[in-house]
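[1] predicted model follows, preceded by the sequence.
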Amino acid sequence: MDQSEVLRKALELLGDDLSFQSLAQVSKDPDGIFSPLLGMPEFHPTPEEARDKIIEQVRMAFLFCVKGGDVYHRVRGDKAFYHLIAADWNPATPSNAASIEKVVTLFVDARRRYLAHVSSEDEPTWKLTISIDQFIAIIDGVNSTVANRTPRTINPPRGVDASSLDRIWPPPHFSPLDIAIMAEATTRKALFGVDHENKGGDDDLLEYPHDQRPPLYVRQYLSRLSLAETKPDSDIALFLAPVAFIDDEQRQLWHKPTGHKSRFYATVDEFLEYAKLEFRKTGKNQKHHVIGLLTPWFAGIDKVTSDAQKNDKPIPTWWQDRCLRSGMMVCVSRIEKDGFRWNYRVVVFKPNLPRRNEGVVVLEKWQEQLEWEDWVTDLLDKTDERFRITEGFIGGRALHHVPAPAGRHVRADQVELSCEIVTEMMEEPGTIPTTREQLYDRGFQVIWRYRDF
C-alpha cells in the first residue's frame, strides 16, 4: 500500500467529526504537511497507526493554539501567530510556521463542515475534536469583533501578578511577528513588562551572546534590546530571531542534530519577509532600517555526528558546545525613491572567521572560508530578489568597540562582535553609517556585484 493510500484510509478512520473537502487530493499530501507528522518515508505505518499518529500530533498542535489564544487575539489572527506555535510545540519531526498553519487550517475547515456531530468520549477522535472546537471558538471570537484602538496585553507568565501593569505589553508599535517571538514561554517570563520607559535594572541586563549560546538566549537578548530601545516613532526595526539558515530545508535537516533547537533559528527568507513588511509601514511607524543578527555555522551534520560519537557525547550536546556559530550583522536600508520604486542599501558586518582550536588543519579552515563566502552570496542573492539593491557594503567595525577584559585571555568572538554593533545601532541610531564616506571610514568595502551602481 503506497503512502497516499495509507493516508487516505487513515483520514477516513477519523470518523464523522471531520469532513475533508477532497479526500483524494488531501491524501496526496501536496503541501507535504502529513509526511513529517507521520515520520514518512522512513516510517511505514498501517492506516490505523497513521490515524493514531495524526490524532496525537494534530491534537497537540491545537492544544498549543488554544494555549496561545491571548496572542491570537492580540495579533488578530495574523499568520505570525504560528511562529509562536512552532517555537512552543516541540514535535519529534521538524515543522515550521507555514506547515503548522496549513495543518490547522485544513482541520478547522474539515471540522466546520460537520460541527453538529461530536464523537463519543470512547472514540479515538473525541479529544482531537474538542481541541479543534476550542480553537474554532477563539477564531470566531476574533472574527466577530472589530479591532480595538487599544490592543490587548498578552497574558502574564504564570506566577507573575500583572494587576499593577498600567501599559500594554508588548507595546502597540511592535509587529505581529515581534509579538509572537516575545510571547514564547521563556522569553515572555524573562521580559514581561519591559519597554523603552521601563528597561529594568542593571541586574536585568544580558551579556552579549557568544558563539555557543543557545538560540533562546539570543532571542531573549534581541527582544530585550528591541523592547528597551524601540520607541513608537523609531525608524529602525530589529529582527528578533537569530538567522542561521538560508532556507527551511536546511533548518529541517538540523532538527534532530540540534536537539530540536533549530526551530528557534530563523531563515534568510523569514528575515527578508519581515523587512518587507516593516518597510510598508507609514506615518510615524515607517522604517528606514531593518537589522538582523546572522549566526550560521559551517560544520556539516556528518562531521558533527561523527565527532560526537568518537567522543561518546550526545549529538545535540556536541553541537551546542563544539559547533561554534559564526556571527554577522545585516542591515537593509531604504535610501531613495526612483519613480515608483524604492532603492535600498545592504550592509553586511562581517568580522574574521570564528576562533578555532589551534589543532585545526589549514584545509579545514579554507573549506570553512569557502562555505562562509557561499552563505553570504546566497544571502545577497535572496536580498536582491526581494529588494532593488543599488548599494552594498561588507566588512566594517563598530564605531565604539569595547575590547574583552584582559583577564578573559580570549578576544570577543564573531557573535559577540556582531551583537556589539547591533546593540550600538539600536542604542545610538546616529551610529548607523548612511554615506559612502562613513562606510569607508568604518572599514566597509563595496560589494563587487554593486560596484557599477
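    That came in fine, so what should we check first?

[2] how about the contacts made by residue 375?
    Applying CB atoms under 8 Å, 6 or more residues apart in numbering, we find residue 375 in contact with 246, 296, 298. Every residue, glycine included, has its C-beta placed from N, CA and C.

[3] now it: which helix or strand?
    If you go by DSSP states H and E, residue 375 is part of helix 362-386.

[4] so which bits of that helix are buried?
    By 16 or more other CB atoms under 10 Å, the buried positions in helix 362-386 come out as 368, 371-372, 375-376, 379-380, 382-383, 386.

[5] pLDDT-wise, what's the bottom of those residues?
    The lowest pLDDT within the buried residues of helix 362-386 belongs to residue 368, with 76.

[6] distance of the closest residue to that residue other than its chain neighbours from residue 269?
    Counting by CB to CB, 6 or more residues apart in numbering, residue 368 lies nearest to residue 298, which is 4.9 Å off, once chain neighbours are set aside. Distance of residue 298 to residue 269, given as CB to CB, to the nearest Å: 19 Å.

[7] give me the more crowded residue out of these two.
    The neighbour count for residue 298 versus residue 269, taken as other CB atoms under 10 Å, is higher for residue 298 (20 against 16).

[8] that one and residue 370 touch, don't they?
    No. Residue 298 is beyond contact range of residue 370, at 9.1 Å (criterion: CB atoms under 8 Å).

[9] where is the longest strand in this structure?
    Scanning the chain for the strand with the most residues, using DSSP state E, yields strand 328-338.

[10] ok, that one: who's next to it in the sheet?
    Sheet pairing of strand 328-338 (DSSP bridges) gives strand 289-294 (antiparallel), strand 341-349 (antiparallel).

[11] pLDDT averaged over the first one, what's the number?
    What that stands for is strand 289-294. Strand 289-294 carries an average pLDDT of 98.

[12] ok, and what's touching the helix or strand following that strand?
    Per DSSP H and E, the first helix or strand lying C-terminal to strand 289-294 is helix 301-310. The contact list for helix 301-310 (CB under 8 Å, 6+ apart) reads 253-254, 257, 314-315, 317-319, 322-323.

[13] from the chain's centre, how far out does helix 301-310 sit?
    Remark: helix 301-310 is offset 26 Å from the chain centroid, using CA atoms, centre = their mean, to the nearest Å.

[14] convert the C-alpha atoms of the helix or strand just after it to CSV, please.
    Sequence-wise, the next helix or strand downstream of helix 301-310 (DSSP H and E) is helix 315-322. Extracted in CSV, the C-alpha atoms of helix 315-322 (Å, rounded to 0.1, in the frame of the first residue of the first chain):
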residue,chain,number,x,y,z
ILE,A,315,25.0,14.8,19.2
PRO,A,316,22.9,17.8,20.4
THR,A,317,25.4,18.4,23.3
TRP,A,318,28.4,18.2,20.9
TRP,A,319,26.6,20.6,18.5
GLN,A,320,25.8,23.1,21.3
ASP,A,321,29.4,23.1,22.8
ARG,A,322,31.6,22.4,19.8
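
[15] angle of helix 315-322 against helix 301-310?
    Counting by axes from the mean of the first three to the mean of the last three CA atoms, to 10 degrees, helix 315-322 lies at 100 degrees to helix 301-310.

[16] residues touching helix 315-322, excluding its own?
    Counting by CB under 8 Å, 6+ apart, 212, 214, 256-259, 261, 304-305, 307-309, 311 sit against helix 315-322.

[17] which of the buried residues of helix 362-386 lies closest to residue 29?
    residue 382 (27.0 Å; CB to CB).

[18] was I right about the closest one contacting residue 267?
    No. Using CB under 8 Å, residue 382 is not in contact with residue 267, being 9.3 Å away.

[19] what's the overlap in contacts for those two?
    Common neighbours of residue 382 and residue 267, counting by CB under 8 Å, 6+ apart, are residue 246.

[20] who's residue 346 bridged to?
    Going by DSSP bridges, residue 346 is paired in beta bridges with residue 332, residue 392.

[21] my read is that residue 79 contacts residue 97, right?
    Yes. Contact status for residue 79 versus residue 97: in contact at 7.2 Å, counting by CB under 8 Å.

[22] ok, these two, which is more surrounded?
    More neighbours surround residue 97 than the other of residue 79 and residue 97, with 21 against 14 (other CB under 10 Å).

[23] residues touching the more buried one, list them.
    Contacts of residue 97 by CB under 8 Å, 6+ apart are 79-80, 82-83, 85-86.

[24] show me the contacts for the spatially most central residue of the chain.
    The centre of the chain sits closest to residue 266, judged by CA atoms, centre = their mean, with a distance of 3.7 Å. When contacts are counted by CB under 8 Å, 6+ apart, residue 266 touches 239, 241-245.

[25] at 10 Å instead, please
    83, 177, 181, 215, 219, 239-245, 248, 251, 273-274, 292-295 (CB atoms under 10 Å, 6 or more residues apart in numbering).

[26] got a quick PyMOL command for the buried subset of these?
    The buried residues among these can be selected in PyMOL (16+ other CB under 10 Å) with this line:
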select buried, resi 83+177+181+215+219+239+240+241+242+243+244+245+248+251+274+292+293+294+295
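
[27] near residue 5, how many residues? Count them for me, please.
    11.

[28] ok, so of the buried residues of helix 362-386, who is nearest residue 430?
    Closest to residue 430 out of those is residue 383 (24.6 Å), distances taken as CB to CB.

[29] please name the residues that touch that closest one.
    With CB under 10 Å, 6+ apart, residue 383 has these contacts: 268, 271-272, 275, 330, 332, 344, 346, 348, 389, 392.

[30] from residue 237, how far off is it?
    In terms of CB to CB, residue 383 sits 16 Å off from residue 237.

[31] now swap in residue 325 and tell me
    23 Å.

[32] hang on, the earlier thing: counting neighbours, which of the contacts of residue 383 comes out on top?
    residue 330 leads those on contacts (other CB under 10 Å) with 27 neighbours.

[33] which ones are touching the nearest residue to that residue once chain neighbours are set aside?
    In space, and not counting its chain neighbours, residue 330 is closest to residue 292: 4.9 Å by CB to CB, 6+ apart. By CB under 10 Å, 6+ apart, the contact set of residue 292 is 222, 237-243, 266, 268, 270-272, 274-275, 328-332, 379, 418, 422.

[34] at 8 Å instead, please
    By CB under 8 Å, 6+ apart, residue 292 lies in contact with 238-239, 243, 271, 275, 329-331.

[35] pull the most distant pair out of these.
    275 and 329, at 13.5 Å, using CB to CB across the contacts of residue 292.
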